[in-house]
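Undergrad: predicted model, plus sequence, below.
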Amino acid sequence: MISPGRRWLSGRIIPRTVRARTVASRWRSVHPGQARSKFLRSGYYPDSSPAVSAVRHRAVQANPIPQRVLVLGAGLTGVTSAWYLRQAGFEVAVVDRQPDAAQETSFANGGQISVSHPEPWSNPSAPATILKWLGRADAPLLVRPRLDPALWRWALAFARECLPSRSERNTRAIAALAIHSRACLRALRAQLPLDYRQRSAGILHLLRDSQELRAAQRRMVTLGALGITTELLDRAGCERIEPALAGDLEPLAGALYAADDESGDARCFAQQLAAHARAAGVRFSFDASVSALCIDQGRVTGAWVCTRGERRRVDADAVVVCLGSHSPRFVPSGSKLSIYPVKGYSVTVSPASPELAPKVSLTEESRRIVCSRLGEKVRIAGTAELAGFDLGPNPSRSGALLDWFERHFPAAGRVEEAEHWCGLRPTTPSNVPHIGAGALPGLWLNTGHGSLGWTLSCGSAQCLSELMQGRAPQPDFPFLARS
């Protein structure tokens, strides 16, 4: 048993007090004349110590570059990973148990590219807020107590990440990746003919009272320091940007407007990008369930896949796990990949009066509800439910979303014809995803993006591609997987 003050480092146990010196000297040996990144210099690695993460970074760069890559999962993360890896010259195959891309977590999410919301759920105000919500069936976060050790381990880790220093660190990390990811998405859109009902009209973060307005003023300063531009609006300013808000009979003190944010149909995007990836040479195998990784002499060499009852082995030089909430099942036992499913709901409404329905994406801060216009339809999404892998619908949760839409946009939509959906967000305690090399050679991870999977997908995949080519990603990268 390794004591808390000691860690494995290249096969040896070394005291915590000398790790930083060891990391610095090893970095110089691998990168002569090159200064360490600001994240390495400052120890800015969420969910890991600076020394262990830096050595893992060195190990990633020292790994032989694979030729054949097998991506497990064809959601947003899997498809974008496949695309960027193929563009880098890898031979790429993708397997997924569903009949098409983006049929689970990415199927009907809120639709926002929300760079302006990098704050993790685990923040200093979260414990008091969660306690206030306990026992309320309509609470934005509903916890169903379960005898599930994974839930309680995750909850304890979540509580630790609520410390101000950790929350601030995680916010900076998510913001940096979100900004990079949005740039990658825009570059991809310029490169390919993509039409996923995207809108580049920004996001209005609605504020209902003076208390929320004051909090938004402080938040605007914080976001500005992270490189995210926002503008504080009064009600008239909100209605100028989104005229449909004129029909909102509820109090509206104003909004924090992020003009650079976007929205779009994540499933539509993933399926179109999958088609482009297929045309570029990526092989997709749908209706193919992954049963286990193939591990030979301590190295991941492929995966066992079941197709129509037939079990076969798919060999690869590297395997990328993009399986959302199911990812921990496919990493070595005893790993530290802390991901728990958080169920979210959405309803999609066809507006009866298009002019009365919102066109700009909205976020209701106090209710954790988002609303996006996707072509001719409006999607309302939100709430969080800790109920394990239970995908059974809870009518009161989706009903709360419809009530919100009817209350703020009366007569705008035909709610009786709404399409209901729920899915599992793969959430880490810090909300920081796992991206990079896993615990075994040949294993790579791109998972754990929580509610920001759509926002972070392109940037995460592009950075993973850089890592798998043996290069340090840009921007400086604090997301190395800790599996």
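TA: Yep, it's here. Just so it is clear, the structure is predicted and the values come from calculations on it, not from any experiment.

Undergrad: residue 125: neighbouring residues, count only.
TA: Look at residue 125: counted by other C-beta atoms under 10 Å, it has 11 neighbours. Bear in mind the C-beta positions are built from the backbone N, C-alpha and C, glycine included.

Undergrad: which residues does it contact?
TA: Going by C-beta atoms under 8 Å, 6 or more residues apart in numbering, residue 125 touches no other residue.

Undergrad: how much space between it and residue 132?
TA: The gap separating residue 125 from residue 132 is 10 Å, by C-beta to C-beta, to the nearest Å.

Undergrad: same thing with residue 172?
TA: Relative to residue 132, residue 172 is positioned 27 Å away (C-beta to C-beta).

Undergrad: the nearest residue to residue 424 once chain neighbours are set aside pairs with what?
TA: The shortest distance from residue 424 to any non-neighbouring residue, by C-beta to C-beta, 6 or more residues apart in numbering, is to residue 341 (3.8 Å). Following DSSP bridges, residue 341 is listed with bridge partners residue 426.

Undergrad: wait, residue 341 touches residue 384, no?
TA: No. Contact criterion C-beta atoms under 8 Å: residue 341 and residue 384 do not qualify, at 10.5 Å.

Undergrad: now do the shared contacts for the two.
TA: Contact criterion C-beta under 8 Å, 6+ apart; residues shared by residue 341 and residue 384: residue 425.

Undergrad: out of these two, which sits in the more crowded spot?
TA: It is residue 341, of residue 341 and residue 384, that has more neighbours when counted by other C-beta under 10 Å, with 24 against 20.

Undergrad: okay, that one: pLDDT?
TA: Looking at residue 341, its pLDDT is 97.

Undergrad: relative to residue 413, how far out is it?
TA: For residue 341, the distance to residue 413 equals 29 Å [C-beta to C-beta].

Undergrad: next: residue 184.
TA: Going from residue 184 to residue 413 by C-beta to C-beta gives 33 Å.

Undergrad: so which of the two has more stuff around it?
TA: Each of residue 184 and residue 413 has its neighbours counted (other C-beta under 10 Å); residue 413 has more, 25 against 20.

Undergrad: my guess is the more buried one contacts residue 380, does it?
TA: No. In this structure residue 413 lies outside contact range of residue 380 using C-beta under 8 Å: 9.0 Å.

Undergrad: what is in contact with these two at once?
TA: The contact sets of residue 413 and residue 380 overlap at 349, 405 (C-beta under 8 Å, 6+ apart).

Undergrad: so between residue 172 and residue 132, which is more surrounded?
TA: Legend: neighbour count by other C-beta under 10 Å for residue 172 and residue 132, higher for residue 172 (18 against 10).

Undergrad: so that one lies in a helix, does it not?
TA: Yes. Applying DSSP: H, G, I helix; E, B strand; the rest coil, one finds residue 172 inside a helix.

Undergrad: CA atoms only: put stretch 100-109 into PDB for me.
TA: Output of stretch 100-109 as PDB, limited to C-alpha atoms (Å, rounded to 0.1, in the frame of the first residue of the first chain):
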ATOM      1  CA  ASP A 100     -26.300   5.100 -35.900                       C
ATOM      2  CA  ALA A 101     -24.200   7.900 -34.400                       C
ATOM      3  CA  ALA A 102     -25.300  10.000 -31.500                       C
ATOM      4  CA  GLN A 103     -28.100   7.800 -30.300                       C
ATOM      5  CA  GLU A 104     -27.500   8.000 -26.500                       C
ATOM      6  CA  THR A 105     -26.100  10.900 -24.600                       C
ATOM      7  CA  SER A 106     -25.800  13.100 -27.700                       C
ATOM      8  CA  PHE A 107     -29.300  12.400 -29.000                       C
ATOM      9  CA  ALA A 108     -31.300  15.300 -27.700                       C
ATOM     10  CA  ASN A 109     -29.200  17.500 -25.500                       C
END
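
Undergrad: and residue 424, what element?
TA: strand 419-427 (DSSP states H and E).

Undergrad: show me what that strand is packed against.
TA: strand 340-349, helix 395-408 (3 or more C-beta pairs under 8 Å, 6 or more residues apart in numbering; DSSP states H and E).

Undergrad: of these, which is nearest residue 200?
TA: Closest approach to residue 200 among those (C-beta to C-beta): strand 340-349, 20.8 Å.

Undergrad: so where is the stretch 51-200 of the chain shaky, pLDDT-wise?
TA: The stretch 51-200 of the chain contains residues with pLDDT under 70 at 51-63.

Undergrad: residue 430: what secondary structure?
TA: Per three-state DSSP, residue 430 ends up coil.

Undergrad: my read: it touches residue 172, true?
TA: No. Using C-beta under 8 Å, residue 430 is not in contact with residue 172, being 11.8 Å away.

Undergrad: ok, for residue 65, nearest residue in space, not its chain neighbours?
TA: Residue 65 sits nearest to residue 470 (C-beta to C-beta, 6+ apart), 5.5 Å away.

Undergrad: any idea how far the one you found is from residue 291?
TA: Counting by C-beta to C-beta, the gap from residue 470 to residue 291 is 31 Å.

Undergrad: then residue 321?
TA: Residue 321 is 14 Å from residue 291, where distance means C-beta to C-beta.

Undergrad: identify the residues contacting stretch 392-402?
TA: Here stretch 392-402 makes contact (C-beta under 8 Å, 6+ apart) with 137-138, 142, 345-347, 349, 369, 380-383, 385, 415, 418, 420, 422.

Undergrad: list the contacts of the helix or strand hosting residue 211.
TA: Here residue 211 sits within helix 210-225, counting by DSSP H and E. Contacts to helix 210-225, defined as C-beta under 8 Å, 6+ apart, come from residues 116, 118-119, 171, 175, 205, 207, 229-232, 253-254, 256, 365-366.

Undergrad: go again with 7 Å.
TA: Helix 210-225 is contacted by residues 116, 207, 230, 232, 253, 254, 256, 365, 366 when judged by C-beta atoms under 7 Å, 6 or more residues apart in numbering.
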